[in-house]
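Asker: with the input below, show me the fold.
(4 chains)
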There are 2 protein chains.
Amino acid sequence: MTGLRERQKADRNRRILTTAAKLFRRDDYRHVRIEDLAHQANVSVGTVYNYYATKGDILIAIVAMEVEEVLEAGECLLASPPQPALKALTRLIDHYYDHSLHYLNKQMWRTAMATSIDAPQTPNGLKYNLLDERLKDQVQRLILVLKERGDIAADLEAAVVGSLLFNVLNMLFMEFIKSDDMELESLKTQLHRQLEMIAQWLVP
Amino acid sequence: MTGLRERQKADRNRRILTTAAKLFRRDDYRHVRIEDLAHQANVSVGTVYNYYATKGDILIAIVAMEVEEVLEAGECLLASPPQPALKALTRLIDHYYDHSLHYLNKQMWRTAMATSIDAPQTPNGLKYNLLDERLKDQVQRLILVLKERGDIAADLEAAVVGSLLFNVLNMLFMEFIKSDDMELESLKTQLHRQLEMIAQWLVP
DNA sequence: CTACAAAAATGAATAGGTTCAACTTTTATG
DNA sequence: CATAAAAGTTGAACCTATTCATTTTTGTAG
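Answerer: Residues are numbered from 1 along each chain as shown, chains lettered A, B, ... in the order given. This is a model prediction of the structure:
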C-alpha cells in the first residue's frame, strides 16, 4: 500500500507542516503568508489548501502534535503516581505547563485557541477539541487511581472532581497565554495555590 | 462641552453599534461585510475604522454592553444573597447564563471569545478582559459576603475560592458556546453538579 | 506501450478586511 | 466674518486568505 502517490502525499504534508512550524515560531504567525509558506515547502498555494482547510487549521495541527507528546508523558506518570495526592496532581499539571512552550510560543497558542473556539468544525478544530477531551480524561483517570489507592476520599466522584480540576488548569493556562508578561513560574504558583486548597478537600 | 463635533461623534458611534448589533444577530457575523454595515449606518468604511480597530473589536463592544448588564443585576443579588450558600451561588451564576443569549447568539460569543484571546491588546479586547476581571471579582465578593455571614467556612480564602469558582463557570460556559447542540438547561445541569460538590466543601 | 480515468497540483481570480492620502467640516482666533 | 489649524470623514487601493477551472501526474486496463 505504499504507492508513489501515497508517499508523495505524505511527503508534501510533512513539508507543509515542518515549514509552517518553523515559520510560525520564527515570525509572528499573523505575518506568515500562505504564499511564502507554500513556496518554502515546494508546493503551490492550492496544494496547501488541499491538505488544510484554513491557515488556522495548519496551526492547530502543529499544536495537536505538541499535546500528543504531553499526553504520552502523562500516561507514564499515571502508571505509578507519587504520593501524596497533591504531589501527583502537581507533577502531572506542572508537566503540562512546562512542556507547553517547547515547540510553540504564546502567540501560536493564542491563535490556536481562538481558532478552536471560532471554528470548532474544521477538521483539525475537531481534532483539537478531542485532544482537550483526552487531557480531561487523563486528569480524571489520575483522580480515579488516587482514589482507588486511598490517597483521596472514597466518596468523591472522580469524574466530577477531575472535570473541575481540568477546568481550573485550563483557565489558568488561558490567562497565562493571554498575557505577554506572565511567566511560567507565576502560572505554576497560581496553580499550586488552587491545588493546595483543593487537595485539602480531597484527602480522606 | 457639548459641541457639534462631539454630538456628531457620539451619534455616529451609536449608529455603527446599533447597526452592527442588528446585523450580527440577524445574519451570521462572518457574512456581515464592513461595507454593508457602514452603508446602513450612514458612514463610510473608513469611519468605521476610526471608531473601532477591527471588525472583531465592534463585536466585543457589543458583548461588553451585555456583560455590563449582567454585572449590574449581580450587584442586586450581592446586596442580600439568599440562603444557603449553594442557593446564592446558583442564583448568581444561573443568571449569568440565562442572560447570555438575550442579545447575542452563540456564533457571536464564539467570535468574541476568540477575538479577546487572539487580540487582547485591541481597545475593546482590553475592555472585555477587564469585564472578565469584574465578573470574577463579583463572584469573589459574593463568597466574602457568605463567609462573613457564616454561610461558608471561616478558614477559606474568599479570593482563592472565588477564582476557582469563576474558572469553573467560565470553562463550562465556553463548552456551551462551542457546541451548537448544547442547550442552556444542559449547561445549568452541569453547573449544578459541580456547585453541589463545591458547596459540600464550603459549608462549615 | 497506449489510452483512459481518477486523483491531485496549480496559480490566476475572487473577496473582504484594512489602510491612508486627499478632502470636508468644525472650532478657535483676530 | 474671514481664515487657518485641528479634527474627522471618505473611498479607492492594498493585502492576503481562500476558491476553482484548468492542467498535470499517477494508477490501471487492454
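Asker: report pLDDT for the residue nearest in space to the middle of chain A.
Answerer: The centroid of chain A falls nearest to A:Val67 when counting by CA atoms, centre = their mean (3.7 Å). With respect to pLDDT, A:Val67 scores 95.
Asker: and it, what helix or strand is that in?
Answerer: helix A:55-79 (DSSP states H and E).
Asker: re earlier: now do the closest residue to the residue nearest to the centre of chain A other than its chain neighbours against DNA strand C, distance only.
Answerer: Leaving aside its sequence neighbours, A:Val67 sits nearest to A:Leu131 (CB to CB, 6 or more residues apart in numbering or on different chains; 4.5 Å). Where you see a C-beta, it was placed from the backbone N, CA and C, and this is true even at glycine. Using CB to the nearest atom of the strand, to the nearest Å, A:Leu131 is found at 25 Å from DNA strand C.
Asker: in which helix or strand does A:Leu131 reside?
Answerer: Secondary-structure assignment from DSSP H and E places A:Leu131 in helix A:123-148.
Asker: which strands or helices does that helix pack on?
Answerer: helix A:55-79, helix A:85-99, helix A:106-118, helix A:158-178 (3 or more CB pairs under 8 Å, 6 or more residues apart in numbering or on different chains; DSSP states H and E).
Asker: list the buried ones in that helix?
Answerer: Buried residues in helix A:123-148, counted by 16 or more other CB atoms under 10 Å in any protein chain shown: A:124-125, A:127-129, A:131-132, A:135-136, A:138-147.
Asker: so it, near DNA strand D or not?
Answerer: No: applying CB under 7 Å from any atom of the strand, one finds helix A:123-148 out of contact with DNA strand D, separated by at least 11.8 Å.
Asker: would you mind measuring from A:Asp118 to chain B?
Answerer: 4 Å (CB to the nearest CB, to the nearest Å).
Asker: cool, and A:His39?
Answerer: Counting by CB to the nearest CB, the separation of A:His39 from chain B is 26 Å.
Asker: give the burial count for that residue, as a bare number.
Answerer: By other CB atoms under 10 Å in any protein chain shown, the residues close to A:His39 number 13.
Asker: what helix or strand is it on?
Answerer: Using DSSP H and E, A:His39 falls within helix A:34-40.
Asker: so which elements touch that helix?
Answerer: Against helix A:34-40 (3+ CB pairs under 8 Å, 6+ apart) you get helix A:4-26, helix A:45-51.
Asker: right, and the residue nearest to A:Val67 touches A:Glu69 too?
Answerer: No: using CB atoms under 8 Å, A:Leu131 is not in contact with A:Glu69, being 11.0 Å away.
Asker: pull up the residues of chain A that are close to DNA strand C.
Answerer: So chain A meets DNA strand C at A:5, A:8-9, A:12, A:43-47, A:49-51 (CB under 7 Å from any atom of the strand).
Asker: just name the most buried of the helices and strands packed on helix A:123-148.
Answerer: Neighbour counts averaged per stretch over the helices and strands packed on helix A:123-148 are highest for helix A:106-118, at a mean of 22; criterion: mean count of other CB atoms under 10 Å in any protein chain shown.
Asker: what average pLDDT does that helix get?
Answerer: 94.
Asker: roughly how far does the residue of chain A found nearest DNA strand D sit from A:Lys9?
Answerer: Residue nearest to DNA strand D within chain A: A:Gly3 (3.0 Å; CB to the nearest atom of the strand). Separation of A:Gly3 from A:Lys9 (CB to CB, to the nearest Å) stands at 10 Å.
Asker: which bits of chain A sit near chain B?
Answerer: A:110-111, A:113-115, A:117-118, A:120, A:129, A:156-157, A:160-161, A:163-164, A:166-168, A:170-172, A:174, A:177-179, A:193-194, A:197-198, A:201 (CB under 8 Å from any CB of the partner chain).
Asker: how's chain A carved up into domains?
Answerer: Chain A is divided into the following domains under automatic domain parsing: A:1-51, A:55-202.
Asker: distance to B:Ile93 added to these, as a markdown table?
Answerer: Written out in a markdown table, the entries for the domains of chain A read as follows (distance: least, CB to CB, whole Å):
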| stretch | distance to B:Ile93 |
| --- | --- |
| domain A:1-51 | 35 |
| domain A:55-202 | 13 |
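Asker: ok, which of these comes nearest B:Arg30?
Answerer: domain A:55-202 (9.0 Å; CB to CB).
Asker: remind me which residues of chain A are low pLDDT?
Answerer: The model of chain A has pLDDT under 70 over residues A:1, A:4.
Asker: and stretch A:39-53, end to end?
Answerer: Chord length of stretch A:39-53, first to last residue, is 18 Å (CA to CA, to the nearest Å).
Asker: can you tell me what sits against it?
Answerer: Outside stretch A:39-53, the residues within contact range by CB atoms under 8 Å, 6 or more residues apart in numbering or on different chains are A:12-13, A:15-16, A:18-20, A:23, A:34-35, A:37-38, A:58, A:61, A:122-124.
Asker: and the residue nearest to A:Val67, how far from A:Met65?
Answerer: Per CB to CB, A:Leu131 is found 10 Å from A:Met65.
Asker: and for A:Val203, the neighbour number?
Answerer: Quick note: A:Val203 (other CB under 10 Å) scores 12 neighbours.
Asker: same thing with A:Arg33?
Answerer: By the criterion of other CB under 10 Å, A:Arg33 has 13 neighbours.
Asker: and for A:Gln121?
Answerer: A:Gln121 sits with 9 neighbouring residues when counted by other CB under 10 Å.
Asker: show me which residues of chain A are close to DNA strand D?
Answerer: Contacts of chain A with DNA strand D, taken as CB under 7 Å from any atom of the strand, map to A:3-6, A:8, A:31-35, A:45-46, A:49, A:53-56.
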